[in-house]
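> Attaching a predicted model along with its sequence, questions to come.
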Amino acid sequence: MGKLGTLTRRGFLFGAVALTGGVAFGYYRYASPLPNPLQDGLANGEVTFNPYLKIAPDNRITIIAPRAEMGQGVQTTLATLLAEELDVSLDQVTIEHGPAAAAYFNAAAMTDGAPVPKFEDGVVAETLRGTIGVVAKLVAIQFTGGSSSMIDHFEKLRHAGAQARESLKLAAAARWKVELDTLSTQHGRVIHAASGRSASYGELAGDAIALAPSAAPSLKPKAEWKLLGKPQPRKDMMAKVTGAPIFGVDVNLPDMLYATVRMNPSPGGGMKRFDAQAAKAMTGVQDVIAIDSPYGQGVAVIANNTWRAFQAADALEIEWETGPIPATSAEMESLHTAALDGKQAFSLRALGDPDLAFADADQTSVVEAEYDVPFLSHAAMEPMNATALVTADNVEIWAPNQGPTLIQTVAQRITGLPPEKIAVHTTFLGGGFGRRIEPDYADYAIRVAAHVTGRPVKLTWTREEDMSHGPYRPMAKSRYRGLVAKEGMPKALVGSIASPSVVASALGRYYPDLPIGGPDNTLIDGAYNQPYDIENYRIDGRKVDLAVPVGFWRSVGFSYNTFMHESFIDELAHAGGQDPLQLRKTLLSKHPAAIGVLEKIEALSNWNTPLPKGRARGVAFALSFGTWVAQVVEVEERDGAIRVAHVFCAADPGTVLDPRNFEAQMMSGIVFGLSAAMKQQISFADHAVEQSNYHDHDALRMVECPAIEIALLPNSPFLGGAGEPGTPPVAPALVNAIFALTGKRHRRLPLSAEITFA
């Protein structure tokens, strides 16, 4: 844990320690291949070529797609990467998530977290990214997040498929005594056209496993792709539409017990006492135990079914301690204001001399604004749950999770067993959005299972328990100040953002003994790392310590900073008499991918065509998770209410691996972002959360959803993600449209506090 503690800090500290920490670990350890976790547990005659592929004698081909499938289609596209090079179709393969293992570490998410903008490619930026990539392998955390799955595996899985293909060809060449270059592969077979011979991969796999290409085989050029770049049928769809037992809540094991928890609703607070007499007297209740974990203190009820556990939990009498958080949202906001008024700040990128520019400015050309966003719940449809079985020698966990090695670490901490004795089975997820990176629900399940050693326990949270405990997307407040030159162009922009640190909060829960320090660039993501060409430019971040648990929510810092930053860019445009879309094109003119999405959205939305009275458009742009996105929202007034009528979106991830799935992810992100902007918030009163279920933290319903049009472009110089980039621009595009319609600026979310939506 000490080594991990020196290697996982973000910001300047992250970069500095990465540069020295990698050397401390030693090049040998970095260069050494990680063990293949598939070697253990192979079926009779089955072989594994690498951590991503198994082939059985009967030609059963299993591809490991070691990222969580939570509806985003990730496992199908990951499998397609390998299948493309292996020359098999998707209907010939089975896809598995695979075990928790260092071999599946996520390098891309960590390198993308480097404290440098994605569009910067200088020596310092590339050195820092490369060094963090080394550290990522040494730390070896397997998780799904940061829209990184395709970026992380784009080459890994293709190389895995190509190397296996060439090994199978070598085996056929040796068996038939022919030259390697006379062989080809197709539909899971090696073919020797000259003699008419062919053999399935299953027939050759046993021989091929001992062979390896003398050099890394070349990958197929894009022009030769048969699967990639084209829509593929989702491999998870049949199970979902037929109601197959694929989610965590579906786990059913022999002799299973059921449990639920009641944890302190005041974050960080302990438990004074509890009375379980009434609960224990209820039918089916087996036991009631105290829970004391790094994630909270409370009580677990164990019963012979989930409903009885829920009912018994309601019968508990518990006296809670008050946690170390401010009592109300208003008090929390005042701490954000104090942080903005204070001197403690960090900045990761600055251009020119903004202070001098403002000092010399005519104050009539200065634009100022303050923005606010609330805490938000992830509100995933499937409640938090996990099933655990603890014996004296082993631990098994079945959980819909985004971080299997984190769960493995939690189990090790609780039971003292080594990682090789702890198996984590990742089920399908009924929504994640960053919430299921958290290992708290698995922690509680393991503790309960350890209490009833030898029997599996499925622990399920109520919706209310989930909604009222977080961790949440953080509350944030910002102040922006801009200077508009006489010709109407922005001359200076300074933004200050106050918010709790997601990284400090999350790592403090994952690794309680880990000392956390240094800047957190997620706090200012979406502001400091946008490619606007403004002569004098600075963004600073100010940490606010509220003791409220915050975590990775879909698009993290981009989710609120893009709202604030793009709203202010719009304010500068109107202050200077500029068209908001044309101004962005001017300020982003050095980046062809940015211009491409803006021009596409301009045409797609008919931006330059006047709308009838009562309708208006707003625009926003963001580069997030490697994808350039521009969006236009069109709104209309109906009987005093506002209806979101249309959303147009142009996205450029560089290479589109599955266009239909990418479009679906952009739509999903748009609806997610609109839901948050229009109606969602988590608020506090009396040291606890006020919301409890979908009735007071609702998402857009189908009747409320606008028409959505997506256009994808292939111009970016780097590969981008799909799961999160659709979310950041939609809130500012919406408020900018509402301003164009009504003339009123809305700088606080959710908008439902001031606006009635149709």
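That came through, no problem. Numbering: from 1, shown residues only.
> hey, let's count contacts and neighbours off CA atoms from now on
Noted.
> got the buried residues for stretch 442-455?
Within stretch 442-455, the residues that count as buried by 16 or more other C-alpha atoms under 10 Å are 442, 443, 444, 445, 446, 447, 448, 449, 450, 452, 454, 455.
> what do you get for stretch 169-185?
Applying 16+ other C-alpha under 10 Å to stretch 169-185 flags 169, 170, 171, 172, 173, 183, 184, 185 as buried.
> ok, now stretch 182-196?
By neighbour count, with 16+ other C-alpha under 10 Å as the criterion, the buried positions of stretch 182-196 are 183, 184, 185, 188, 189, 190, 191, 192.
> any idea which of those is the one closest to residue 82?
Among the buried residues of stretch 182-196, residue 188 lies closest to residue 82 (C-alpha to C-alpha), at 12.3 Å.
> so the closest one touches residue 204, yeah?
No: in this structure, residue 188 is not within contact of residue 204 by C-alpha atoms under 8 Å, at 10.7 Å.
> where do the contact lists of those two overlap?
With contacts taken as C-alpha atoms under 8 Å, 6 or more residues apart in numbering, not a single residue reaches both residue 188 and residue 204.
> Mark which of the buried residues of stretch 182-196 are part of strands, please.
With strands identified by DSSP state E, the entries of those that belong to them are 183, 184, 185, 189, 190, 191, 192.
> between the residues you listed, which is nearest residue 614?
Closest to residue 614 out of these is residue 185 (60.7 Å), distances taken as C-alpha to C-alpha.
> How many residues are close by the nearest residue to residue 353 once chain neighbours are set aside?
Nearest residue to residue 353, sequence neighbours excluded (C-alpha to C-alpha, 6 or more residues apart in numbering): residue 536, at 5.5 Å. Taking other C-alpha atoms under 10 Å as the criterion, the count of residues near residue 536 is 21.
> Go through the buried residues of stretch 442-455 and say which is closest to residue 255.
Of all the buried residues of stretch 442-455, residue 255 sits closest to residue 455, with 6.4 Å by C-alpha to C-alpha.
> so how far is residue 256 from that closest one?
6 Å (C-alpha to C-alpha, to the nearest Å).
> Just send the ones in strands among the buried residues of stretch 182-196 back as JSON lines, with pLDDT too.
As requested, those are exported to JSON lines (pLDDT from 0 to 100):
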{"residue": "183", "pLDDT": "98"}
{"residue": "184", "pLDDT": "98"}
{"residue": "185", "pLDDT": "98"}
{"residue": "189", "pLDDT": "98"}
{"residue": "190", "pLDDT": "98"}
{"residue": "191", "pLDDT": "98"}
{"residue": "192", "pLDDT": "98"}
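> For those, give me CSV that also has distance to residue 208.
Shown next, in CSV, are these (distance: C-alpha to C-alpha, whole Å):
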residue, distance to residue 208
183, 14
184, 15
185, 14
189, 13
190, 12
191, 15
192, 16
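> as a whole number, average confidence for stretch 494-505?
In this model, stretch 494-505 carries a mean pLDDT of 97.
> same deal with stretch 683-697?
On average, stretch 683-697 scores 97.
> Show me what counts as buried in that stretch.
Neighbour-count burial for stretch 683-697, with 16+ other C-alpha under 10 Å as criterion, is recorded at 683, 684, 687, 688, 689, 690, 691, 692, 693, 697.
> got it, and stretch 668-686?
Of the residues in stretch 668-686, 668-684 count as buried by neighbour count, 16+ other C-alpha under 10 Å.
> Could you do stretch 571-584 as well?
Applying 16+ other C-alpha under 10 Å to stretch 571-584 flags 571, 572, 573, 575, 576, 578, 580, 581, 583, 584 as buried.
> So which residues make contact with stretch 651-665?
For stretch 651-665, contacts defined as C-alpha under 8 Å, 6+ apart pick out 72-73, 77, 228-232, 593, 597, 626-630, 710-724, 726.
> hmm, back to that, got a markdown table for the buried residues of stretch 442-455, with distance to residue 312 too?
Below are these laid out as a markdown table (distance: C-alpha to C-alpha, whole Å):
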| residue | distance to residue 312 |
| --- | --- |
| 442 | 21 |
| 443 | 21 |
| 444 | 17 |
| 445 | 17 |
| 446 | 20 |
| 447 | 19 |
| 448 | 16 |
| 449 | 18 |
| 450 | 21 |
| 452 | 18 |
| 454 | 23 |
| 455 | 20 |
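> Which pLDDT value belongs to the spatially most central residue of the chain?
Taking C-alpha atoms, centre = their mean, the centroid of the chain lies closest to residue 145, which sits 3.2 Å from it. In this model, residue 145 is scored at 97, pLDDT.
> is it true that it touches residue 436?
No: with contacts defined as C-alpha under 8 Å, residue 145 does not count as touching residue 436, sitting 9.8 Å away.
> Pull up the overlap in contacts between the two.
If you check residue 145 and residue 436 against C-alpha under 8 Å, 6+ apart, the residues they both contact are residue 402.
> follow-up on the earlier one: quick one: which of the contacts of stretch 651-665 sit in helices?
Judged by DSSP state H, helices contain the following of those: 77, 593, 597.
> The first one: what's it in contact with?
Meaning residue 77. For residue 77, the set of contacting residues under the criterion of C-alpha under 8 Å, 6+ apart consists of 150, 232, 657, 658.
> Can you pick out the most distant pair from those residues?
Largest separation among the contacts of residue 77 by C-alpha to C-alpha: 150 and 232, giving 15.1 Å.
> Compare those two (neighbour count), which wins?
residue 150 (22 against 18).
> Which helix or strand contains the more buried one?
Assigned by DSSP states H and E, residue 150 falls within helix 149-153.
> With only the CA atoms kept, save that helix in PDB.
Once side chains and other backbone atoms are set aside, the C-alpha atoms of helix 149-153 remain, and they are given as PDB (Å, rounded to 0.1, in the frame of the first residue of the first chain):
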ATOM      1  CA  SER A 149     -12.100   1.000 -22.900                       C
ATOM      2  CA  MET A 150     -11.600   1.300 -26.700                       C
ATOM      3  CA  ILE A 151      -8.600   3.600 -26.300                       C
ATOM      4  CA  ASP A 152      -6.900   1.200 -23.900                       C
ATOM      5  CA  HIS A 153      -7.600  -1.900 -26.000                       C
END
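> Number the residues from 34 up from this point.
Renumbered: residue one is now 34, and that last one reads helix 182-186.
> So what touches the next helix or strand after that helix?
Going down the chain from helix 182-186, the next helix or strand is helix 189-209, by DSSP H and E. Counting contacts by C-alpha under 8 Å, 6+ apart, the residues outside helix 189-209 that touch it are 82-83, 85-86, 111-112, 114-120, 212-213, 216-218, 223, 232, 234, 237-238, 240-242, 244-246, 249-252.
> Among those residues, name the ones in strands.
In this view, the contacts of helix 189-209 that belong to strands under DSSP E are 82, 83, 86, 216, 217, 218, 223, 232.
> tell me the contacts of the nearest residue to the third one once chain neighbours are set aside?
This points to residue 86. Excluding the flanking residues, the one nearest residue 86 by C-alpha to C-alpha, 6+ apart is residue 96, at 4.8 Å. For residue 96, the contacting residues are 85, 86, 87, 112, 115, 126, 127, 128, 129, taking C-alpha under 8 Å, 6+ apart as the criterion.
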